[in-house]
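*Asks:* Sequence first, then the predicted structure, then my questions.
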Protein chains: 2
Amino acid sequence: MDHLFKQSITLPPNLEPGLRAALTHILRHPGSMVRPRLVTQMATAYGVETSSGDDLAIALEYFHTASLVFDDLPCMDDAMARRGADCVHVPFGDAGAILAALALINRAYALTWKAFAGCPHTIQADAMEYLEQRLGVNGLLNGQSLDLNYARQPRGRETAERIACGKTVSLIRLTLVLPAMLGGATRREIRLLERMAMSWGLSYQMVDDLKDLLQTTAESGKTGARDLHLDRPNIALAIGVSAAVARVTHLIRLGDRMLIRLLALRPALGFLGALRSDLEAELSRVSDKPCESTGSWER
Amino acid sequence: MDHLFKQSITLPPNLEPGLRAALTHILRHPGSMVRPRLVTQMATAYGVETSSGDDLAIALEYFHTASLVFDDLPCMDDAMARRGADCVHVPFGDAGAILAALALINRAYALTWKAFAGCPHTIQADAMEYLEQRLGVNGLLNGQSLDLNYARQPRGRETAERIACGKTVSLIRLTLVLPAMLGGATRREIRLLERMAMSWGLSYQMVDDLKDLLQTTAESGKTGARDLHLDRPNIALAIGVSAAVARVTHLIRLGDRMLIRLLALRPALGFLGALRSDLEAELSRVSDKPCESTGSWER
């Protein structure tokens, strides 16, 4: 999958050297590629052509990567490192990072187009609308804006979950639902996949929030977690560690109910069981971590 | 056309207030709308359905507007005012401007999709590839990057024209060529439109460059033009005023040759004559301006 990530955008010979360097930096540092692998597995389960599944997988990974490049900018999260390397803006400047991210987005839409092209018109229209909703002002962009303006919002589970739904869950929904749409999944299957993606997506973000809180606290010499320090949205901070663990457990169970129904309709989705088990394993690893006090996180 | 610009993106009730304010600011300040009007005229001439023509017109105007929002950022041109109002980042911050521009881009791709949807598959594929080329690393993004890194490049006509081709001409090509593509124009027509768009697009940029140089110089108390001061690419600076005027005149004549052939093939394109006359009128207005000396600009 890494080679597809690297090779799915062609850099022309006359490309301005700074933009070329910024894009090359991004393409040389792919992430875990867990999303694109999942897209191709979903595409196979729904009988989507391999080339369309690959195009969609890379498109979603380019959208995701671009969102991280923007997210890391000094005017947003002001991060320094990503995927084991410098953030793009560190060596190539904010403008270089922005233009490189826009190049990925431009390529991602073209790849999505190719992935959709063989489908009947009504499926294409539904899939395009779904993509627009998840990436735009109803999805990822709203989540990012809520995240950046977290200080102005009421603290609590609802705010933290709204932000997670926009930022994290949007891309997980695209990963699980779009390949099924292209493969002609029934409305019932789409609805079940949607609910499973939302349960798992939120769980995934909550496990991440728990990790941030518990793993950093366990390290000696640090007085608190990064999210706590930087006043970042964190569900475990919002409702407390034990309530967050209970909420993840509940969401995983909710996802299970959808998965069981989905497997009855489409046994080829069996591979999703492993994803669910990984999530639970992560949860038990993080919730078994020693933790001196949860009092200060309850608010 | 202004109402379509304002109404073609729906802001959901739960949109984060900062992002809503930034987008509302953009939508309340449309530009001259010369491009979208041209798209609908081209679409009519090629028998494209009105709704598809409108969708494409607004899509291209959203792409254009987003490119200006990015262009104005402190890390790029660091501008303060645009379209008679503050630049978006001035009241809403860099992050607000970036997210609002991305929302326009996301909507623009969805509108483009709708505009293409009724066309035969081969036309859709050609049009999508054309859009990707003009907006991406072969077009607008490369032009913007060349512009930002102008200081590192050799001075001269070639560099200035390469930047203009990427930044300005890309969108003019999309404006003139995409509606014709959707309307099933022949390869010959597309080729003629392409060459006309490139001639006129470059002329348009050069007239702008001449204006920058001559109109500011003509004002008393100012020692030079903005492009000269800020070391920005300017064709009249690169080759001198009289050579630039001669080059524009040559390019307008080149465009005329294409226009005559196009009119023989499709008389409904007659409205393009007005565009060409406007360009020449602009040129004579600016080149008749008094100008004390061109010596210092020749380099």
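*Replies:* Alright, I've got the coordinates. Numbering: from 1, shown residues only, chains lettered A, B, ... in the order given.

*Asks:* What segments of chain A are strands?
*Replies:* A:81-82, A:85-86 (DSSP state E).

*Asks:* buried set for stretch A:163-174?
*Replies:* A:Ile163, A:Ala164, A:Cys165, A:Gly166, A:Lys167, A:Thr168, A:Val169, A:Ser170, A:Leu171, A:Ile172, A:Arg173, A:Leu174 (16 or more other Cβ atoms under 10 Å in any protein chain shown). In short, each C-beta sits where N, CA and C put it, glycine included.

*Asks:* ok, the residues you listed vs chain B, which is closest?
*Replies:* A:Gly166 (8.7 Å; Cβ to the nearest Cβ).

*Asks:* any idea what sits nearest the closest one, other than its immediate chain neighbours?
*Replies:* Distances taken as Cβ to Cβ, 6 or more residues apart in numbering or on different chains place A:Gly143 nearest to A:Gly166, at 1.8 Å, with adjacent residues excluded.

*Asks:* Next up, the contacts around the one you found.
*Replies:* If you count contacts by Cβ atoms under 8 Å, 6 or more residues apart in numbering or on different chains, A:Gly143 has them with A:Arg162, A:Ile163, A:Ala164, A:Cys165, A:Gly166, A:Lys167, A:Thr168, A:Ser170.

*Asks:* got it, and A:Glu61?
*Replies:* Applying Cβ under 8 Å, 6+ apart, the residues near A:Glu61 are A:Phe5, A:Pro30, A:Gly31, A:Met33, A:Arg35, A:Pro36.

*Asks:* Tell me the predicted confidence for the first one.
*Replies:* Which is A:Phe5. If you check A:Phe5, the pLDDT there is 96.

*Asks:* same check, this time on the fifth one
*Replies:* On pLDDT, A:Arg35 comes in at 95.

*Asks:* any idea how far it lies from A:Ser170?
*Replies:* According to Cβ to Cβ, to the nearest Å, A:Arg35 stands 12 Å off from A:Ser170.

*Asks:* for the second one, same thing?
*Replies:* In this view, A:Pro30 and A:Ser170 are 20 Å apart by Cβ to Cβ.

*Asks:* ditto for the last one
*Replies:* Plainly put, A:Pro36 is 16 Å away from A:Ser170 if you go by Cβ to Cβ.

*Asks:* again with the third one
*Replies:* Computed as Cβ to Cβ, the A:Gly31 to A:Ser170 distance reads 16 Å.

*Asks:* Report pLDDT for the closest residue to A:Asp86 other than its chain neighbours.
*Replies:* Using Cβ to Cβ, 6+ apart and skipping the chain neighbours, the partner closest in space to A:Asp86 is A:Met80 (7.0 Å). Looking at A:Met80, its pLDDT stands at 90.

*Asks:* A:Met80: neighbour count?
*Replies:* 11 (other Cβ atoms under 10 Å in any protein chain shown).

*Asks:* can you check the one 3 residues further on too?
*Replies:* Taking other Cβ under 10 Å as the criterion, the count of residues near A:Arg83 is 14.

*Asks:* So it is in contact with A:Gly31, correct?
*Replies:* Yes. With contact defined as Cβ atoms under 8 Å, A:Arg83 counts as touching A:Gly31 (5.4 Å).

*Asks:* Mind listing what's buried along stretch A:171-189?
*Replies:* Buried residues in stretch A:171-189 (16+ other Cβ under 10 Å): A:171-183, A:185, A:189.

*Asks:* Which of these fall in helices?
*Replies:* Among the buried residues of stretch A:171-189, the ones falling in helices (DSSP state H) are A:171-182, A:189.

*Asks:* hang on, the earlier thing: will you turn the strands of chain A into TSV that also has mean neighbour count?
*Replies:* Formatted as TSV, those follow (neighbours: other Cβ atoms under 10 Å in any protein chain shown):
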stretch	mean neighbour count
strand A:81-82	14
strand A:85-86	14
